[in-house]
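> structure here, sequence nowhere to be found:
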């Protein structure tokens, strides 16, 4: 899968991790199929999301949409404590209304930096959710779902306030690389290849490939292949036949699509995730 990888599978509506390490781990570029919230309790360093690098402060909340390629860049010898939430996008869609799309919480900006008492309120709500999940009492699932929904609604409200702070990122990608990524995402069904992309952007293909890998951590081919697989899986989950999704997303051979799909997701396009891929893990 090149220099980045897909991490974990989520079989629940959501999962919470509260992690603390004396030394921040080294993590490669990767992505998830689910949305992610990171509440930074303590730590010092940066976070790169889709080519934008943010210098974080304790108390920041990082909001990462599904499929967004990201990587933490924390100082090695600094204590790093965080609460991480993985949330299934289909659960968010199910719980949303016309007036409140919960998925919007993950595309209103990558980092939310709040002043007191708003920051404390959100961190307290995250702690309350963790407390509900740790209980073994009647109605635990309903109570924890409700706690998560309250948390997401409050995040959405804070994002929309005039005084909401969203730190300005440092660009880690050139304008050309950003444009190439956007072009690929918009033309997945077409017969894209390295030569065609180089011609489209009037650049040497060797220079383009080197620059793309240097600035994103993965090759042009890997990016194209994984985006196609993700889109195909989404279409299948919505009810489209696997063969139609295969060709709709730019694959030219159903057999090669099936092999790639199985290797990437741990199941055939119409099957279930196998036991080797049942854990949702995060070492960030």
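Looks like it came in fine. Bear in mind that the values here come from a model prediction, so they are computed numbers and not experimental data.
> name the nearest residue to residue 18, sequence neighbours excluded.
Leaving aside its chain neighbours, residue 18 sits nearest to residue 83 (5.1 Å; criterion: C-beta to C-beta, 6 or more residues apart in numbering). Using the backbone N, CA and C atoms, a C-beta is placed for each residue, glycine as well.
> show the residue spans covered by the helices in the stretch 151-284 of the chain.
175-186, 194-200, 205-216, 220-237, 242-248, 254-265 (DSSP state H, counting those that start in this stretch).
> who's in contact with the longest one?
The reference is to helix 220-237. 1-4, 6, 31, 33, 67, 90, 180-181, 184-185, 188, 192, 194, 197, 208-209, 212-213, 216, 242, 244-246, 248-251, 257, 260-261, 264-265, 269-270 (C-beta atoms under 8 Å, 6 or more residues apart in numbering).
> derive a PyMOL selection command for the buried subset of those.
Only the buried entries of the contacts of helix 220-237 go into this PyMOL selection, using 16 or more other C-beta atoms under 10 Å:
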select buried, resi 2+4+6+31+33+67+180+181+184+188+192+194+197+208+209+212+213+216+242+245+246+248+249+250+251+257+260+261+264+265+269
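> with distance to residue 116 and mean pLDDT added, can I get the helices of the stretch 151-284 of the chain in CSV?
Shown next, in CSV, are the helices of the stretch 151-284 of the chain (distance: least, C-beta to C-beta, whole Å; pLDDT from 0 to 100):
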stretch, distance to residue 116, mean pLDDT
helix 175-186, 35, 87
helix 194-200, 48, 91
helix 205-216, 37, 87
helix 220-237, 39, 86
helix 242-248, 48, 92
helix 254-265, 43, 87
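> can you list those in JSON lines and add distance to residue 50?
Formatted as JSON lines, those follow (distance: least, C-beta to C-beta, whole Å):
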{"stretch": "helix 175-186", "distance to residue 50": "8"}
{"stretch": "helix 194-200", "distance to residue 50": "19"}
{"stretch": "helix 205-216", "distance to residue 50": "9"}
{"stretch": "helix 220-237", "distance to residue 50": "11"}
{"stretch": "helix 242-248", "distance to residue 50": "24"}
{"stretch": "helix 254-265", "distance to residue 50": "20"}
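> on that earlier part again, quick one: the residue nearest to residue 18 is in a strand?
Yes. The assignment for residue 83 by DSSP: H, G, I helix; E, B strand; the rest coil puts it in a strand.
> before we move on, back to that, can you check which of the helices of the stretch 151-284 of the chain gets nearest to residue 73?
helix 205-216 (14.4 Å; C-beta to C-beta).
> counting by contacts, list what the closest one packs against.
Helices and strands touching helix 205-216, by 3 or more C-beta pairs under 8 Å, 6 or more residues apart in numbering; DSSP states H and E, are helix 175-186, helix 194-200, helix 220-237.
> most packed of those helices?
Burial of these is given as mean neighbour count (mean count of other C-beta atoms under 10 Å); helix 220-237 ranks first at a mean of 19.
> now do that one against helix 175-186, angle only.
Angular relation of helix 220-237 and helix 175-186 on a 0 to 180 degree scale: 30 degrees, by axes from the mean of the first three to the mean of the last three C-alpha atoms, to 10 degrees.
> I appreciate the help and will end here.
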